[in-house]
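In: Give me the fold of what follows.
(one chain, ligands or ions: 1)
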Amino acid sequence: MTENKRQFRAIKGTRDILPPDSALWNWFEQTAHNVFESYNFREIRLPIFEETELFARSVGAETDIISKEMYTFSIGHDADAKEEGASAQTYSLRPEATASVVRAYIENGMQTLPGNVKLYYVGPMFRRERPQKGRYRQFYQIGAEVLGQSDAPAIDAEVIQMLMTFFKHAGVTRTTLYVNSIGDKNCRPQYVELLREELRKVAGQLGPDSQRRIETNPLRVLDSKLPEEQPIIEKLPRISDHLCQACQEHFAKLKEELNLRGTACQENWRLVRGLDYYTRTTFEVIAEGLGSQNAVCGGGRYDGLVELLGGPPTKGIGFAIGTDRAILSIQESGKLPQLPGLAVFVAWMGQAAYPTAVNITRKLREAGLAVELPAEEMKFKKSLGLADKLRARYALIIGEDEVKAGSFTLKRLADSDQKKLSEFDLLEYLESERRDTRA
Ligand code: AMP
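Out: Alright, predicted model coming up:
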């Protein structure tokens, strides 16, 4: 019998995030926790899979995400299926998380909580898209949502300010924030009809996708990136000229509120959403240096979604940041944050030195330093060579001489500067160095 020794590879569109990149990811996500918590948002942890129907209803059964890109599996006729009842025949890996946040909000009766409910989430999403740079089948998002009774423009402005503050702290700097208002159920239907009529007149000059969308979802024509359609789209009626009084006021106030917060933005009348429950504010952030997949965040108001999913009338606004792309943009900028890394490599020699090495390693780790203790004795040269290759900042040399003298030799690897220190002085020196590099 021949053994099958085929090597396994990560599935197309998925990837491993290896060290040292994983440290950058952790730092990026930690920065989001810090900034979002400072705006009094709290984390919600959600399931990775839900009933397919939840996504079909919220994201929209006709969208590409639902019709082509979901990973769906049947739950068969097992005990689970019986428990769920006939309504839940399939589950899907989540393609986005707003639907789950809203489901959790309703299921847990969160509308009874005081004030607006301000939640954020961090985690992987799944869409069977054609993989390319910045587009994956398992990708990561950090998102935030505000749910409650108010749709005051100050809420939208604060959400957007929080987003841009986070990008600034995380070093995603070469960005442009676009905002738009897509009206509400009073004014958008008339605009959509007007757009449809105008599009029918120029249908012959449009490509097949846009031609189809004239009837199914004319707003989506405005998303088109086809160069030959651009001059035609530029001449189409703009929603900003067709907003009702209340929507006009909401949008004007949003811009005023952003200005008050020093959050710079550009208006983009083509920033639309195709689904009915989206209302008024939409926004998007583009980052330089990412090629065609340059959107790092999308967001907007969705005042009808909670009701659509069976909950009480509720207003909502939120965004989702594409972590993969935001991190690519930090890497492309070349301005990586200084992350701590390996502080000390313990170069011990001789069995007499070993207990001292184990002891001091524990104390340094308790002081919050990253320390590498070789498991086996090594020759001095080899030990320092490995410390260098592991990019340790210091080698702590412990030989028989040091044990006898009750001291340590600390060698800074960048410039070979060497000092002899007592245990007390060593701990104090390294702790103060750690405070300085974190400052
Ligand atoms: P959406 O949920 O489609 O509004 O996307 C929000 C953000 O998620 C986008 O601006 C992207 O940054 C990111 N994103 C969406 N799909 C992908 C994907 N397949 N791969 C990587 N990032 C994605």
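
In: and the closest residue to the ligand within the stretch 201-350 of the chain, how many residues sit next to it?
Out: The minimum distance from the stretch 201-350 of the chain to the ligand, using Cβ to the nearest ligand atom, falls at Gly322 (2.0 Å). Where you see a C-beta, it was placed from the backbone N, CA and C, and this is true even at glycine. When counting by other Cβ atoms under 10 Å, one arrives at 26 neighbours for Gly322.

In: again with the one 3 residues further on
Out: Close neighbours of Arg325, defined as other Cβ under 10 Å, add up to 23.

In: so Ile44 makes contact with Leu119?
Out: Yes. Contact status for Ile44 versus Leu119: in contact at 4.4 Å, counting by Cβ atoms under 8 Å.

In: which residues are in contact with both of those two?
Out: Val101 (Cβ atoms under 8 Å, 6 or more residues apart in numbering).

In: Regarding Ile397, what is its secondary structure?
Out: Following DSSP: H, G, I helix; E, B strand; the rest coil, Ile397 is assigned to strand.

In: Next, Gln331: secondary structure please.
Out: With three-state DSSP as the criterion, Gln331 reads helix.

In: Tell me the spacing between it and Val35.
Out: Counting by Cβ to Cβ, to the nearest Å, the gap from Gln331 to Val35 is 20 Å.

In: for the residue of the stretch 201-350 of the chain closest to the ligand, which residues make a bridge with it?
Out: Beta-bridge pairing for Gly322 (DSSP bridges): Gln141.

In: thought it was touching Leu290?
Out: No. Judged on Cβ under 8 Å, Gly322 makes no contact with Leu290 at a distance of 9.7 Å.

In: Can you check which residues contact both of these two?
Out: Residues touching both Gly322 and Leu290 (Cβ under 8 Å, 6+ apart) are Gly134, Val296.

In: Between Gln331 and Val35, which has more neighbouring residues?
Out: When Gln331 is set against Val35 and neighbours are counted by other Cβ under 10 Å, the residue ahead is Val35, at 19 against 14.

In: got a list of what the residue of the stretch 201-350 of the chain closest to the ligand touches?
Out: Gly322 makes contact with Gly134, Phe139, Tyr140, Gln141, Ala295, Val296, Cys297 under the criterion Cβ under 8 Å, 6+ apart.

In: Nearest residue to the third one in space, ignoring adjacent ones along the chain?
Out: Closest residue in space to Tyr140, ignoring its immediate chain neighbours: Thr323 at 3.9 Å, by Cβ to Cβ, 6 or more residues apart in numbering.

In: Give me the local confidence score for Thr216.
Out: We note a pLDDT of 89 for Thr216 in this prediction.

In: how far away is it from Phe166?
Out: Thr216 is 36 Å from Phe166, by Cβ to Cβ.

In: which of those two has more neighbours?
Out: Just comparing Thr216 and Phe166: by other Cβ under 10 Å the higher neighbour count belongs to Phe166, 24 against 9.

In: Which of the helices or strands spans the more buried one?
Out: helix 153-169 (DSSP states H and E).

In: Which elements pack onto that helix?
Out: When contacts are defined as 3 or more Cβ pairs under 8 Å, 6 or more residues apart in numbering; DSSP states H and E, helix 153-169 sits against helix 21-38, strand 138-148, strand 175-181, helix 245-260, strand 279-287, strand 295-301, strand 315-322.

In: residues in contact with the next helix or strand after the third one?
Out: Using DSSP H and E, the helix or strand that follows strand 175-181 towards the C-terminus is helix 188-202. Applying Cβ under 8 Å, 6+ apart, the contact partners of helix 188-202 are 182-183, 206, 210, 214-215, 218-219, 221, 232, 236-237, 239, 242.

In: Among the helices and strands packed on helix 153-169, which comes closest to Thr72?
Out: Closest to Thr72 of the helices and strands packed on helix 153-169 is strand 138-148 (Cβ to Cβ; 15.2 Å).

In: Say whether the ligand is contacted by the closest one.
Out: Yes. Strand 138-148 lies within reach of the ligand by Cβ under 6 Å from any ligand atom, at Phe139, Gln141.

In: Next to the ligand, which bits of the stretch 1-150 of the chain? Give me the list.
Out: Taking Cβ under 6 Å from any ligand atom as the criterion, the stretch 1-150 of the chain approaches the ligand at residues Glu96, Arg127, Glu129, Gly134, Arg135, Tyr136, Phe139, Gln141.

In: try the stretch 151-300 of the chain
Out: Checking the stretch 151-300 of the chain against the ligand by Cβ under 6 Å from any ligand atom, the hits are Ala295, Val296, Cys297, Gly298.

In: which of these tops the neighbour count?
Out: Cys297 leads these on contacts (other Cβ under 10 Å) with 26 neighbours.

In: so what's that one closest to, chain neighbours aside?
Out: Val285 (4.1 Å).

In: Just to check, the one you found is in contact with Leu177?
Out: Yes. Using Cβ under 8 Å, Val285 is in contact with Leu177, at 5.3 Å.

In: which neighbours do these two share?
Out: Contacts common to Val285 and Leu177, judged by Cβ under 8 Å, 6+ apart, are Met164.

In: can you give me the strands in the stretch 1-150 of the chain?
Out: With DSSP state E, counting those that start in this stretch, the ranges of strands along the stretch 1-150 of the chain come out as 42-43, 49-51, 72-74, 90-93, 117-126, 138-148.
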